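Asks: Dropping a prediction and its sequence here:
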Amino acid sequence: MTAMTDAIELLRCDHDEVRRLLSALEIGPAEGGPVSQLVIVASGHEAIEEQYFWPLVRRRVQNGPRLADLAVSQEQDVKRLLDLLEKSGEDAVLLRQVITTTRAHIDFEETQVWPGAQLALSEQELGDLGAQLEQAKRLAPTRPHPHMPCTPEVLKVAAPIAGAADRIRDALGGRHRD
């Protein structure tokens, strides 16, 4: 029997990767590499959470609707800032905003949401959710789409389409994940 990927563990790995990239950006710009990587990782992460994680939090976790609404609102802010950053290049003020906003969002999820999710969901449910997240990640967007509605029903259809379009743009533009 293969071990299931726990949803929280999968999300934690994404958070660790985002934190690593934020730290690299604080040290100094490295020819757009960390910005591009941050955009790719964060865009996919937020898309899969909005499709699968937040609906489950909403339904099952104590204060779930409030927590999910706040988190999705924070994610919209992050996507909007990443979109601006990607379009403007290495703007120091914008970069500082991205770093601060993203770190606050990660902290909110890890301290305010995950403990309740781990209490409310069984090991099996966290494993099943992890599998859904892993599958969705393969098709997730690689760019922020701040104007895409963040309702799970719309995202489950639109995110893979946006992801395919993003990967085509990435290939044509020579942008790839390291």
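Replies: Yep, that arrived. Numbers count the residues shown, from 1 in each chain.
Asks: What strand or helix carries residue 175?
Replies: Assessed by DSSP states H and E, residue 175 sits outside every helix and strand.
Asks: what's around it, how many residues?
Replies: Residues within reach of residue 175, counting by other C-beta atoms under 10 Å, total 18. Where C-beta positions appear, they are placed from N, C-alpha and C, glycine not excepted.
Asks: Thought residue 36 was touching it, still the case?
Replies: Yes: here residue 175 lies in contact with residue 36, judged by C-beta atoms under 8 Å, at a distance of 6.0 Å.
Asks: quick one: the helices in the protein?
Replies: In the chain, the helices defined using DSSP state H lie at 7-27, 33-48, 54-60, 64-88, 92-108, 114-120, 123-139, 152-173.
Asks: Phi first, then psi, for residue 148.
Replies: phi -80, psi 130 (degrees, to the nearest 10).
Asks: so it sits right up against residue 160, yeah?
Replies: No: judged on C-beta under 8 Å, residue 148 makes no contact with residue 160 at a distance of 12.0 Å.
Asks: With just CA atoms, put stretch 145-152 into PDB.
Replies: Extracted in PDB, the C-alpha atoms of stretch 145-152 (Å, rounded to 0.1, in the frame of the first residue of the first chain):
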ATOM      1  CA  HIS A 145      -5.500  35.300 -12.700                       C
ATOM      2  CA  PRO A 146      -6.900  37.900 -10.300                       C
ATOM      3  CA  HIS A 147     -10.000  38.500 -12.300                       C
ATOM      4  CA  MET A 148     -11.100  34.800 -12.500                       C
ATOM      5  CA  PRO A 149     -14.000  34.200 -10.200                       C
ATOM      6  CA  CYS A 150     -12.800  32.200  -7.200                       C
ATOM      7  CA  THR A 151     -15.800  30.000  -6.800                       C
ATOM      8  CA  PRO A 152     -14.900  26.300  -6.800                       C
END
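Asks: now what about it, what contacts it?
Replies: 43, 47, 50-52, 54-55, 72, 75-76, 79-80, 83, 154-155, 158-159, 162 (C-beta atoms under 8 Å, 6 or more residues apart in numbering).
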